[in-house]
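Enquirer: build me a model:
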Amino acid sequence: MCGFSGCLNFNQPNYCSLDVLKSMGSMLENRGPDDENIYQDSSLSFVFRRLSIVDLSGGAQPIWDSEGRYWVAVNGEIYNHKELKEQYFPTINFATQSDSEIVLHLYKKLGPEAFSKLNGMFAVCIYDSHSQTLTLARDRLGIKPLYYSSHDKGFHFSSELKALLIHPDVSKTINWQDSQVIGLQDNEIIPTYVEGVRHFPAGHYVEIAQDMKIEITPFWNIKAYLTEDKEQQLNENEIEQQYLALLKQSVNYRLMSDVPVGIFLSGGLDSSILAALAVEQNPDIHCFTVVESNTCRSGDVDNAKLVCDKLNINFHPILFDRTEMIERFNLYELERMIHVMESPRFDLEWYYKSELHRAAKNIVPELKVILLGQGADEFAGGYSRTLTSPWQNWEEYISGEVAPSLKERQIHQHHVPERFQDLIDAIPDDLSITNAYKKKMHALCYQLQHFNLWHEDRTSSFHGIESRVPYLDHRLVEFLSTVPSEFHESLFWNKTLIRKTVKELMNFYPDDHAKVPFFLSDDNTSIDQVAKLICKNVYDEFEEKYLVSNKSYFSQSSLRNLFEQSQQNNPESSGCAWQLIEIMSLVIFEDFIKRTESFVKTTRSAQQPIYPEISVDQWSSTIDQLKKGNETDFQNQWSMDSIVAIPEHCEIVNPLSEEDGNTVLILLLRKKN
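Expert: Predicted structure coming up:
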């Protein structure tokens with residue numbers, strides 16, 4: 001993992017001063033703490049920060065060709081670099097052992113076709129110093145970030161928004177249109193929330209010569225694999241075996257490292273498979289597991305320990321007291337998360353994941369690589385049946401979940417204000433995809449970039465860790481996209497394909513373990529209750545800093561009223577706390593983009609204590625206590641009496657019972673027969 005940033009201008013020599021370039025580089029320090037290199041000529045100014053993972057001593061970037069004409073810089077990893085070298089350059093001695101060097105040679109040989117040969121996650125910058133042509137490319141699924149801004153004064157690009165914002169010619173104006181469609185997550189255009197700044201699209205490249213003509217061109221699109229004419233001619237058993245073979249190779253690729261590697265092992269299916277496959281190749285792998293009340297009650301923690309015990313894996317259970325975490329949450333932590341995420345959005349999962357990375361780094365300071373289970377659900381039926389899902393079979397899932405969400409997208413496309421039409425038009429046109437679940441896959445491909453990939457990259461890189469996602473190897477995604485529709489129910493319902501993979505690798509793993517979210521609300525820590533406590537901890541300080549001391553678009557009296565309403569215990573106050581958090585996040589984000597450098601310098605360090613690893617001696621007593629739910633309870637405000645009505649013709653699937661005055665908040669409903 002690395003980070004880079006640059007400016008291109010053919011009309012104004014030294015357009016980007018060395019001081020500005022160094023400041024841009026300083027914004028990338030967390031992403032690349034080990035090394036910095038700067039390149040400048042009359043047209044291009046470029047800074048590169050490196051996190052050394054492969055070829056620690058010889059992999060400095062940019063990497064030049066032997067003629068001194070071309071150089072390459074890569075943020076990310078090219079996993080198949082050895083195979084590509086053997087295939088295309090068997091007699092050439094490379095200057096380094098770095099996986100990045102293959103991109104330079106391959107591009108010189110094949111041109112832009114080179115990008116379709118790469119297996120990896122990458123944002124690539126290639127420069128021809130003779131013709132002064134700049135080439136940028138981004139991996140197929142948008143795993144690695146790349147921002148750009150183009151205007152009459154020049155072209156700017158960067159791995160992070162904060163580095164881009166340092167340049168005086170990049171807009172510091174919030175994009176209010178982006179901020180009003182935050183929930184629209186199947187849109188090809190991923191919002192940056194800043195006027196004139198865009199994400200470089202995944203699976204695309206651009207070559208910019210002295211005419212400054214910018215034509216961003218695709219080299220990959222998942223849609224090509226979702227049409228019926230691309231379906232495989234395999235039987236069910238062959239599909240299962242090929243899936244496992246591809247997954248094994250994907251995991252092996254992502255163990256490529258000269259530094260310690262870890263796995264975030266939730267104890268669920270996806271991460272347990274990764275652990276089982278990874279330890280075959282790397283017996284020194286480290287597994288980190290969140291231990292708190294819900295992960296104990298769901299069985300995830302027991303499963304994680306079982307996997308590590310059976311496979312003899314280094315196990316690091318980390319105690320998360322969520323009540324204590326939220327009680328300590330203050331304005332500084334909210335500001336820090338806006339800095340980390342470079343977004344006006346706030347989500348509890350992002351905060352917890354950032355804290356998990358911080359704790360893992362504290363336990364294993366040399367840790368630089370983490371394997372994650374992201375992407376398994378999106379393409380293998382992962383959301384068809386979960387712990388809180390009411391669907392009883394594949395048909396119910398398609399009719400009750402998939403079809404309505406597709407219909408909602410059509411409504412968005414045709415019934416929105418005109419000012420949002422550009423964003424709505426970017427919702428993928430998937431009319432050529434006739435199967436409902438494949439349409440869902442298409443949408444989920446973009447939702448990954450909006451949410452999961454966004455936060456996984458940023459929460460890890462902030463702590464100097466590179467996150468890798470084996471389930472998003474493009475060959476796996478393409479393979480699952482071409483599974484014939486006739487096998488969807490037998491392989492994708494309740495993640496059957498993945499469950500069969502688990503059984504082949506770990507026959508000791510419990511049958512039918514339900515999917516559990518990373519953050520699962522319960523009666524003690526319901527999401528509304530958490531939001532209320534965050535507002536209580538943050539609002540007074542926020543008001544003084546951002547509303548009293550500074551001008552704001554928002555009325556101080558109106559927000560004070562919203563805050564007071566958010567603290568009420570009545571149905572009318574539901575959602576007020578999250579609305580207030582969204583507004584506070586937006587105000588803080590605007591401050592972040594207007595004074596980026598000073599904002600970043602003051603929010604780089606966490607104030608929270610490091611969450612402890614549970615020792616062997618503490619294990620039994622700690623787990624037993626958490627399973628009983630002996631955490632400090634939030635004040636309950638709901639009871640069974642609070643349920644006014646349920647939809648007509650529906651019934652409660654899980655009858656609720658009150659224990660110790662507490663009541664489960666989630667009702668599962670289904671249509672009466």
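Enquirer: CA atoms for contacts and neighbours, from now on please.
Expert: Fine.
Enquirer: helix, strand or coil: sort out the closest residue to residue 215 other than its chain neighbours for me.
Expert: Once flanking residues are discounted, residue 215 sits nearest to residue 206: 6.1 Å by C-alpha to C-alpha, 6 or more residues apart in numbering. Assigned with DSSP: H, G, I helix; E, B strand; the rest coil, residue 206 falls in the strand class.
Enquirer: shouldn't residue 206 be in contact with residue 213?
Expert: No. With contacts counted by C-alpha atoms under 8 Å, residue 206 stays clear of residue 213, the gap being 9.6 Å.
Enquirer: what residues are up against residue 592?
Expert: By C-alpha atoms under 8 Å, 6 or more residues apart in numbering, the contact list for residue 592 reads 338-339, 599-600.
Enquirer: how does it look with 6 Å?
Expert: residue 599 (C-alpha atoms under 6 Å, 6 or more residues apart in numbering).
Enquirer: in what helix or strand does it lie?
Expert: helix 576-594 (DSSP states H and E).
Enquirer: circling back: let me know how buried the residue nearest to residue 215 is, in neighbour terms.
Expert: 19 (other C-alpha atoms under 10 Å).
Enquirer: which residue sits closest to the residue nearest the centre of the chain in space, ignoring its chain neighbours?
Expert: Closest residue to the average C-alpha location of the chain: residue 453 at 2.2 Å, with C-alpha atoms, centre = their mean. With sequence-adjacent residues excluded and distances taken as C-alpha to C-alpha, 6+ apart, residue 453 is closest to residue 143, at 6.0 Å.
Enquirer: can you report how many residues lie near that neighbour?
Expert: Neighbourhood size, residue 143 [other C-alpha under 10 Å]: 25.
Enquirer: for residue 48, helix, strand, or coil?
Expert: Going by three-state DSSP: residue 48 is strand.
Enquirer: next one: it from residue 120, what distance?
Expert: 19 Å (C-alpha to C-alpha, to the nearest Å).
Enquirer: and residue 108, by the same measure?
Expert: Separation of residue 108 from residue 120 (C-alpha to C-alpha): 19 Å.
Enquirer: with neighbour numbers in mind, choose between those two.
Expert: Neighbours were counted for residue 108 and for residue 120 using other C-alpha under 10 Å; residue 120 has more, 27 against 15.
Enquirer: give me phi/psi at the more buried one?
Expert: phi 170, psi -170 (degrees, to the nearest 10).
Enquirer: quick one, what contacts it?
Expert: Per C-alpha under 6 Å, 6+ apart, neighbours of residue 120: 77-79.
Enquirer: try 10 Å this time
Expert: By C-alpha atoms under 10 Å, 6 or more residues apart in numbering, the contact set of residue 120 is 76-81, 139-141, 143-144, 250, 253-254, 468-470, 472-474.
Enquirer: again, but for residue 543
Expert: Residue 543 neighbours (C-alpha under 10 Å, 6+ apart): 549-550, 556, 559-560, 584.
Enquirer: now, which of those residues sits nearest residue 5?
Expert: The nearest member of the contacts of residue 543 to residue 5, counting by C-alpha to C-alpha, is residue 584 at 29.2 Å.
Enquirer: look up how far residue 100 lies from the closest one.
Expert: Residue 584 is 41 Å from residue 100, by C-alpha to C-alpha.
Enquirer: for stretch 529-543, buried residues please.
Expert: 529-539, 542-543 (16 or more other C-alpha atoms under 10 Å).
Enquirer: what is the nearest of those to residue 313?
Expert: residue 530 (34.4 Å).
Enquirer: per-residue pLDDT of the closest one, please?
Expert: pLDDT recorded at residue 530 is 88.
Enquirer: I figured residue 609 hits residue 359, correct?
Expert: Yes. With contacts counted by C-alpha atoms under 10 Å, residue 609 reaches residue 359, the gap being 9.3 Å.
Enquirer: just want to know which of these two has more residues nearby.
Expert: residue 359 (22 against 10).
Enquirer: so which residues of the stretch 501-650 of the chain form helices?
Expert: Per DSSP state H, counting those that start in this stretch, the stretch 501-650 of the chain carries helices over the ranges 527-542, 556-566, 576-594, 596-602, 616-628.
Enquirer: where in the stretch 351-500 of the chain is pLDDT low?
Expert: The model of the stretch 351-500 of the chain has pLDDT under 70 over residues 382-392, 394, 400-434.
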